[in-house]
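Peer 1: Sequence and computational prediction follow.
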Amino acid sequence: MDLDGKLLIAMPGMGDPRFEKTVILICAHSDEGAMGLIVNRPTRDLTFGNLLEQLSIPRVPTGRDIRIHSGGPVERGRGFVLHSPDYTGGPATMRIGAEYGMTATLDILEALARGEGPSRALLALGYSGWGPGQLEGEILANGWLVADASEDLVFSADDAGKWAGALRAMGIDPLSLSATAGRA
């Protein structure tokens, strides 16, 4: 099961409040584990302008403003810019399928501050990580639904509507989901 570039949609009854109603884009998945970014949990206390100021990155009046999200509970002080594939940061950019890139260097923040860089982007502080076989086990235990990722959903400004929107895109009414798992 290759999950690179797929969405994980938290099921009701997930059991872990850190992931309740989250939508996660899987950036890397292998036999060694998985890494992804929550794309629907914006931070409330930090803006892009504040972050640039803290990092002493000058911002021009035409500079871009991107949303900052909590990407997950691992390494919360580390930033990852998830972006459209039109930005190539060289070897510092990890390709996620044909639709996404992820760059974790200051170069992309500087480009955005100048009004350049990718056409679509969001910044995640921290990431979500799983050890070998852990994510597959959570999927089998009915913790996550797996879906194709659309750029429109991932980069949508409607963070509060992404969870229900991802379910509806799969043809699922969010109200019809049960918090209990079963096997037929």
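Peer 2: Yep, it's here.

Peer 1: nearest residue to Thr173 other than its sequence neighbours?
Peer 2: Quick fix: residue 173 is Asp, not Thr. Nearest non-adjacent residue to Asp173, counting by CB to CB, 6 or more residues apart in numbering: Leu167, 7.5 Å away. Where C-beta positions appear, they are placed from N, C-alpha and C, glycine not excepted.

Peer 1: Now that neighbour. Its backbone dihedrals?
Peer 2: phi -70, psi -50 (degrees, to the nearest 10).

Peer 1: ok, now how distant is it from Ile66?
Peer 2: The gap separating Leu167 from Ile66 is 25 Å, by CB to CB, to the nearest Å.

Peer 1: count of neighbours near the residue nearest to Asp173?
Peer 2: The tally of other residues near Leu167 (other CB atoms under 10 Å) stands at 21.

Peer 1: surely it meets Ile9?
Peer 2: Yes. In this structure, Leu167 is within contact of Ile9 by CB atoms under 8 Å, at 6.2 Å.

Peer 1: which residues are in contact with both of the two?
Peer 2: Listed as contacting both Leu167 and Ile9 by CB atoms under 8 Å, 6 or more residues apart in numbering are Leu145.

Peer 1: which residues touch the residue nearest to Asp173?
Peer 2: Taking CB under 8 Å, 6+ apart, we find Leu167 in contact with Ile9, Leu145, Asp173, Pro174, Leu177.
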